[in-house]
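Undergrad: Sequence and predicted structure are below.
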Amino acid sequence: MHAATSTKKQKEYVDKLQAEIDVLQKRIGEDESAEAIVSRHINLLHRYNEAKDATQLLIGRLAALKETTVRQIHNDMDLLDDQ
């Protein structure tokens with residue numbers, strides 16, 4: 001047995017959802033597609049990871065020069081773990 005929902009209630013619900021969609025669309029930009037946003041975020045993540053990898057390489061070299069561990073360099077520089 002299915003619960004009966006009036007046409008009026010369904011329309012109100014659909015209108016509410018459409019209003020929510022409109023607000024969210026304005027937040028991301030009227031002319032910007034979801035695919036463009038995702039693509040931009042992926043590119044930014046790639047750039048971030050490249051910078052992080054380069055930083056870790058330099059920290060590793062610094063640790064070798066100071067004859068200490070990478071963890072100790074992290075502690076000395078107040079760098080946080082990824083966890």
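TA: Received, thanks. Numbering: from 1, shown residues only.

Undergrad: Restrict stretch 7-18 to CA atoms and write it as CSV.
TA: The C-alpha coordinates for stretch 7-18 follow below in CSV (Å, rounded to 0.1, in the frame of the first residue of the first chain):
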residue,chain,number,x,y,z
THR,A,7,-0.8,17.0,-6.0
LYS,A,8,-0.6,20.3,-4.2
LYS,A,9,2.0,18.9,-1.6
GLN,A,10,4.0,17.4,-4.5
LYS,A,11,4.1,20.7,-6.3
GLU,A,12,5.1,22.5,-3.1
TYR,A,13,7.9,20.0,-2.6
VAL,A,14,9.1,20.3,-6.2
ASP,A,15,9.0,24.1,-5.9
LYS,A,16,11.0,24.0,-2.6
LEU,A,17,13.7,21.8,-4.3
GLN,A,18,13.8,24.1,-7.3
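
Undergrad: looking only at pLDDT, what's the mean for that stretch?
TA: Taken as a whole, stretch 7-18 has an average pLDDT of 92.

Undergrad: ok, now stretch 52-72?
TA: In the prediction, stretch 52-72 has an average pLDDT of 96.

Undergrad: CA atoms of that stretch as PDB?
TA: What follows is stretch 52-72, C-alpha atoms only, in PDB (Å, rounded to 0.1, in the frame of the first residue of the first chain):
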ATOM      1  CA  LYS A  52      53.800  19.100  -1.400                       C
ATOM      2  CA  ASP A  53      56.000  16.500  -3.100                       C
ATOM      3  CA  ALA A  54      58.600  19.100  -3.800                       C
ATOM      4  CA  THR A  55      58.500  20.300  -0.200                       C
ATOM      5  CA  GLN A  56      58.900  16.800   1.200                       C
ATOM      6  CA  LEU A  57      61.900  16.300  -1.100                       C
ATOM      7  CA  LEU A  58      63.500  19.500   0.300                       C
ATOM      8  CA  ILE A  59      62.700  18.500   3.800                       C
ATOM      9  CA  GLY A  60      64.300  15.100   3.200                       C
ATOM     10  CA  ARG A  61      67.500  16.700   1.900                       C
ATOM     11  CA  LEU A  62      67.500  19.100   4.900                       C
ATOM     12  CA  ALA A  63      67.200  16.100   7.200                       C
ATOM     13  CA  ALA A  64      70.100  14.400   5.500                       C
ATOM     14  CA  LEU A  65      72.300  17.500   5.700                       C
ATOM     15  CA  LYS A  66      71.500  17.900   9.400                       C
ATOM     16  CA  GLU A  67      71.800  14.100   9.900                       C
ATOM     17  CA  THR A  68      68.400  13.800  11.500                       C
ATOM     18  CA  THR A  69      65.100  12.400  10.600                       C
ATOM     19  CA  VAL A  70      62.300  13.900   8.500                       C
ATOM     20  CA  ARG A  71      60.000  13.600  11.500                       C
ATOM     21  CA  GLN A  72      62.400  15.700  13.500                       C
END
